[in-house]
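Asker: Coordinates for the following, if possible.
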Amino acid sequence: MNNIAKKQNFTLNDEEEYQDLEIIGQDFSGKTFNSLDFKNCTIRNCDFSKVIINKLSLVEVKFIECDFANLETEELYVKKTVFDKCRMTGFIGSEGILAEVQFINCQLKFSQFRFAQLKDIRFENCPSSESDFYSSSFFKVDFLNCDLEKTEMSKTKHYRTDLRTSKIQGLKIGIESLEGITIDHSQIIDLAWLLGVKIK
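Answerer: Modelled structure (predicted):
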C-alpha cells in the first residue's frame with residue numbers, strides 16, 4: 001500500500017473501486033453516491049458525515065479517526081475491516097452484512113444496524129446508547145466495555161453474543177432473544193423486568 005491520495009488532487013468518483021490506497025485528510029461530507037468499493041485501503045482523518053451511498057462495500061479497510069456521523073447506506077457489505085476512533089453517531093447501515101469487523105473506541109450512539117447480519121464482530125469501548133439492532137442476527141459478537149443503555153435488540157437472534165463487560169440498563173430486548181447471550185451475574189438485575197419481578 002504505497003499510493004497516498006493527496007488532499008489537493010483526490011476526489012471520489014461514483015461507482016468506482018479504490019484499492020491499495022492510503023487516503024488522508026479528505027472531506028467527502030454531504031455527497032451522494034450510487035456505489036463505492038474500497039479494498040485493502042487505510043483511510044485516516046476523512047469526513048464522510050451526512051454522505052448518502054446506495055451501495056457501500058468495504059473489504060480489508062482500516063479507518064482511523066474518520067467521521068461517519070449520519071452517513072446512510074441502503075446496501076452495506078463490510079469484511080475484515082477496522083474502525084478505530086471513528087465518529088459514527090447516527091450511522092445507518094440497516095440490512096448490512098458485516099463479517100470479521102472491529103469497532104474500537106468508536107462513538108456509535110443512535111447508530112442503526114436493523115435487520116443486519118453480524119458475524120465475528122468486536123465492539124470495544126464504544127458508547128452505543130440508543131443504537132438500533134432490531135431483528136438482526138448475531139454470530140460470535142463481543143461488546144467489550146460498551147454502553148448499550150436503551151439499545152434496541154428486540155427480535156434479535158444470538159449465537160455467542162457476549163455482553164458481560166457492558167452497560168445494559170434499559171436494554172430493549174424480548175425474553176425470546178436472550179438465548180445465546182452471555183451476561184455477568186451482576187447484570188441479572190438489569191433484565192429482571194423481563195420476568196415481571198422486582199429484586200430487593
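
Asker: Strands along the protein, start to end?
Answerer: 3-5, 16-19, 21-24, 32-44, 52-64, 72-84, 97-104, 117-124, 137-144, 157-162, 181-182 (DSSP state E).

Asker: what's the angle between the fifth one and strand 72-84?
Answerer: By that I understand strand 52-64. Interaxial angle, strand 52-64 versus strand 72-84 (axes from the mean of the first three to the mean of the last three C-alpha atoms, to 10 degrees): 0 degrees.

Asker: so what strands line up beside strand 52-64?
Answerer: Using DSSP bridges, the strands paired with strand 52-64 are strand 32-44 (parallel), strand 72-84 (parallel).

Asker: circling back to that earlier point, now the strands of the chain as CSV including mean neighbour count, distance to Gly170 and mean pLDDT?
Answerer: C-beta here means a position set from N, CA and C on the backbone, and glycine is covered the same way. Shown next, in CSV, are the strands of the chain (neighbours: other C-beta atoms under 10 Å; distance: least, C-beta to C-beta, whole Å; pLDDT from 0 to 100):
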stretch, mean neighbour count, distance to Gly170, mean pLDDT
strand 3-5, 13, 42, 66
strand 16-19, 14, 40, 95
strand 21-24, 18, 38, 94
strand 32-44, 17, 34, 97
strand 52-64, 19, 29, 97
strand 72-84, 19, 25, 97
strand 97-104, 19, 21, 98
strand 117-124, 19, 18, 98
strand 137-144, 20, 15, 98
strand 157-162, 18, 18, 96
strand 181-182, 17, 16, 94
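
Asker: and Thr151, which of those strands is closest to it?
Answerer: Closest approach to Thr151 among the strands of the chain is made by strand 137-144 (9.3 Å; C-beta to C-beta).

Asker: distance of Asn45 from Ile23?
Answerer: Asn45 sits 9 Å away from Ile23, going by C-beta to C-beta, to the nearest Å.

Asker: now swap in Glu65 and tell me
Answerer: From Glu65 across to Ile23, the span is 12 Å (C-beta to C-beta).

Asker: Are there residues contacting both of those two? Which ones?
Answerer: When contacts are counted by C-beta atoms under 8 Å, 6 or more residues apart in numbering, Glu65 and Ile23 are jointly contacted by Arg44.
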